[in-house]
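> generate coordinates for the sequence data below:
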Amino acid sequence: MKICVFGAASKTIDEKYIKPVENMGEYLAKHGHSLVFGAGSTGEMGAASRGFKNGGGTIHGVVPEFFKNDLYEFVNWNCDELTVTKTMRERKGIMENLADAFIITPGGCGTFEELFEVLTLKQLGQHRKPIAIYNIDGYYDLLVGTLKYSIETEFVKPNCERLYRVFDENEFDKMIDYIENDDMDGMTVHDLK
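Below is the predicted model of the structure:
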């Protein structure tokens, strides 16, 4: 399967978030999976790509062309396959279409936006791909709490909680089982709206 990993590209994030993503990538690659990602060479994007390569996997980066001029040093130009897009929106669409599943690692505004887009598209029945939230060191505890609160206050249907799963560090076996076998418990868009 092609696994799309969304996560931070920052050079300044704590190492406690970097190494688990690298380990995850290596583990997934050793189980026959490949990576689709935003072609970052730093932060968790860089960690995911190193991990997949260490595990013998292939990596497909997708990067907007303006990175060549403005953010060249943030790009992993040595991907097995590299797709250059005109815009960030096109970049995200290509990653979403190529992916068989999504893993969301800790990140900032861009990562949050990517998570909520694939989550919303799944809720609307536009895909049935697994969405795994990799909750390193409790990073996503508050966000998951917000999602639960939105269900409690009836802004979101309770079934929507089954659109994603949250995994803590070193739950790679559980994560792979979910990614490879999730069928949304047979739910349809009518169960989610």
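
> burial measure for Ile104, as a count.
Ile104 has 25 neighbours, counted by other C-beta atoms under 10 Å. From N, CA and C alone the C-beta is placed, and that goes for glycine too.

> please tell me how far it sits from Met24.
Computed with C-beta to C-beta, to the nearest Å, the distance linking Ile104 and Met24 is 12 Å.

> now do the shared contacts for the two.
Tyr134 (C-beta atoms under 8 Å, 6 or more residues apart in numbering).

> hey, where'd the strands end up in the chain?
2-6, 34-37, 59-64, 81-85, 101-104, 131-134, 165-167 (DSSP state E).

> need the ones you listed in CSV with distance to Met45 and mean pLDDT, can you?
Converted to CSV, these look like this (distance: least, C-beta to C-beta, whole Å; pLDDT from 0 to 100):
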stretch, distance to Met45, mean pLDDT
strand 2-6, 7, 98
strand 34-37, 6, 98
strand 59-64, 9, 94
strand 81-85, 13, 94
strand 101-104, 12, 98
strand 131-134, 13, 98
strand 165-167, 19, 97
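
> include distance to Thr153 when you put those strands into a markdown table, please.
Shown next, in a markdown table, are the strands of the chain (distance: least, C-beta to C-beta, whole Å):
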| stretch | distance to Thr153 |
| --- | --- |
| strand 2-6 | 27 |
| strand 34-37 | 34 |
| strand 59-64 | 36 |
| strand 81-85 | 38 |
| strand 101-104 | 23 |
| strand 131-134 | 21 |
| strand 165-167 | 20 |
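
> quick one: closest of these to Asp14.
Nearest to Asp14 among the strands of the chain is strand 131-134; the distance by C-beta to C-beta comes to 15.1 Å.

> contacts for that closest one?
20-21, 24, 101-106, 115, 118-119, 122, 140, 144, 163-167, 175, 178-179.
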